[in-house]
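1. A structural model of the following input is requested.
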Amino acid sequence: MIRDSCIFFLQPWSPPFESKTGVFTPPSESLPLPRGSPYLHSTKFLNCIQPTMEEGPMTDDVLQSIFTSDQDMYPAPLTFERLRTWVAARPDLSRCFYIPRSGSGHGEDILQPAGVIIVLPVEGKFWQNLLNGSLKETEIDAATMFPCDSDSGVEVGLHVFHLEKFERRVRGFAHAALRSVLEVAEKTWKVLGCSALTATADGRRCFEGMRFEPTGYEEFWIARNDGVELVTVIPGGNRTGRDEEDSSIKARAQMVVRYSPTTHSYPSCPPDFS
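-> Numbers count the residues shown, from 1 in each chain. Predicted coordinates for the structure are as follows:
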């Protein structure tokens, strides 16, 4: 595996990212919040892309929509309660992003939903198991596998569970969202790298564009009798018969990773992504 940095802004922008859900319907109404709200803040990275974004906490309605659409497309045995525990354990790594626009003239701006990211900080020994498939994504337990608040300097891998752009006019969203949470994580932990279990062609292209590489672990959901069955391929395993054109394959996911070096050098702003 090529060991390289998670410097997302240095790479050319890839096609717009569609999450593992394929299609996501963002909340129907924009959120009227004061620009000076303590629950929102802009980072220098978000201010470098156009249009400028602000970020805030994950909301229950967005989280429920993500869960529902993911389950419709990818039949992994994830419960909504487990998803909520992931977000609640590290809310600073699960964020909603917004585009401010003029409000109703009462001193408020309307915040247009632009996208979301959910990242799980998994302790190093568990993260390595996640990469090779001996630990399934749905088995990640925040109580035992996330670092404690006092674990300064502990090694972690950042697993991107969900990354999605709602507003197509935002350029460079995936890079900005990932870099925003990476900046938060590096203040406390030693980040070994970033990973994602990609389940759509657009998702795989997006992470490939950011120099993520397959670990060799894949999941295939195969139609059998009256249901579906999970068939996995481990790194170095035999993929024979796992052709994507096989009509019995109802869903496929591929684990990808990008490792971090011991030192980082980040640009202050991303280039002008197309």
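2. isn't there a helix covering Phe220?
-> No. Per DSSP: H, G, I helix; E, B strand; the rest coil, Phe220 lies outside any helix segment and is strand.
3. quick check: bridge partners of it?
-> Val231, Arg252 (DSSP bridges).
4. where does pLDDT dip in the stretch 51-200 of the chain?
-> Within the stretch 51-200 of the chain, the stretches with pLDDT under 70 are 51, 102-109.
5. cutoff 80 now
-> 51-52, 100-111, 149-150, 169 (pLDDT under 80).
6. residue boundaries of the helices in it?
-> For the stretch 51-200 of the chain, the helices defined by DSSP state H, counting those that start in this stretch cover 60-73, 80-89, 124-132, 142-145, 173-185.
7. what comes up buried for the shortest one?
-> Judged by neighbour count (16 or more other C-beta atoms under 10 Å), helix 142-145 contains these buried residues: 142, 145. Where C-beta positions appear, they are placed from N, C-alpha and C, glycine not excepted.
8. and it, what does it pack against?
-> Counting contacts by 3 or more C-beta pairs under 8 Å, 6 or more residues apart in numbering; DSSP states H and E, helix 142-145 is packed against helix 80-89, strand 109-123.
9. residue boundaries of the strands in the stretch 151-274 of the chain?
-> 155-165, 190-198, 213-224, 227-233, 249-259 (DSSP state E, counting those that start in this stretch).
10. quick one on the thing from earlier: among the helices and strands packed on helix 142-145, which is nearest Ile99?
-> Closest to Ile99 of the helices and strands packed on helix 142-145, according to C-beta to C-beta: strand 109-123, at 4.4 Å.
11. on that earlier part again, return the most buried member of the helices of the stretch 51-200 of the chain.
-> For the helices of the stretch 51-200 of the chain, the largest average neighbour count (mean count of other C-beta atoms under 10 Å) is found in helix 173-185, namely a mean of 23.
12. tell me which strands and helices it is in contact with?
-> Checking 3+ C-beta pairs under 8 Å, 6+ apart, helix 173-185 ends up next to strand 94-102, strand 109-123, strand 155-165, strand 190-198.
13. rerun at 10 Å
-> strand 54-57, strand 94-102, strand 109-123, strand 155-165, strand 190-198, helix 201-209 (3 or more C-beta pairs under 10 Å, 6 or more residues apart in numbering; DSSP states H and E).
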